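Trainee: Quick check, what structure comes out for this input:
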Amino acid sequence: MSTPFKVLVLCTGNSARSQIGEALLQTRGASRGAGVVTGASAGSRPAPRVNPYAVETLEARGIAWQGRTPKSIDDVAGEAYDLVITVCDNAQDACPFFPGARAQVHWGLPDPADETEPEAARAAFARTFEALAGRVDALLSLPLEQLTPAELGQAAQAIHDAT
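Mentor: Numbers count the residues shown, from 1 in each chain. A predicted model of the protein is given here:
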């Protein structure tokens, strides 16, 4: 059995975008024919809880995500990751650099948690899910295990830049 390809999704609060990214990687990466991809997520300043709209959005799409808690970068710092993806759009500097990763890219997306009115929040979380789902699917279609770190970074960044 080969070692899983490990992806870490970083954000500031680890309550919305990065949780959705982790969920997509965990569910879609597990059934990848070319080798398993695992996902994790963390934040530089973790929120007290996962955003309820993130949980609702994932569950509406068949991904059970109840009972998760935001994690700090310190919680995952001892792990080696093949790819680190930051997803904070407003302040890339708030999304940290993660040392030791083979490659790191920035997939900046608006924070759906900025929406507070329920209908607007649900729509924003749905857009975030769709944006990340398309990027994750494209990432999972790559020959990840065969790419050099530079090729991996370029290919992963190109996925985001093409949207």
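
Trainee: low-scoring pLDDT stretches of the protein, where are they?
Mentor: Within the chain, the segments meeting pLDDT under 70 span 1, 90-97.

Trainee: That one: strands as residue ranges?
Mentor: Under the criterion DSSP state E, strands of the chain are mapped to 5-11, 37-43, 83-88, 103-109.

Trainee: Which of those strands sits closest to Leu24?
Mentor: strand 37-43 (7.1 Å; C-beta to C-beta). C-beta: built from backbone N, CA, C; applies to glycine.

Trainee: pretty sure Glu79 is touching Val7, no?
Mentor: No. In this structure, Glu79 is not within contact of Val7 by C-beta atoms under 8 Å, at 11.0 Å.

Trainee: Those two: which is more packed in?
Mentor: Each of Glu79 and Val7 has its neighbours counted (other C-beta atoms under 10 Å); Val7 has more, 28 against 13.

Trainee: Could you report the separation of the residue positioned nearest the centre of the chain from Pro52?
Mentor: In the chain, the C-alpha nearest the mean C-alpha coordinate belongs to Gly21, at 2.9 Å (C-alpha atoms, centre = their mean). The gap separating Gly21 from Pro52 is 18 Å, by C-beta to C-beta, to the nearest Å.

Trainee: now swap in Gly35 and tell me
Mentor: Gly35 is 34 Å from Pro52, by C-beta to C-beta.

Trainee: Compare these two (neighbour count), which wins?
Mentor: Gly35 (16 against 11).

Trainee: wait, the more buried one sits on Gly29?
Mentor: No. With contact defined as C-beta under 8 Å, Gly35 does not count as touching Gly29 (9.1 Å).
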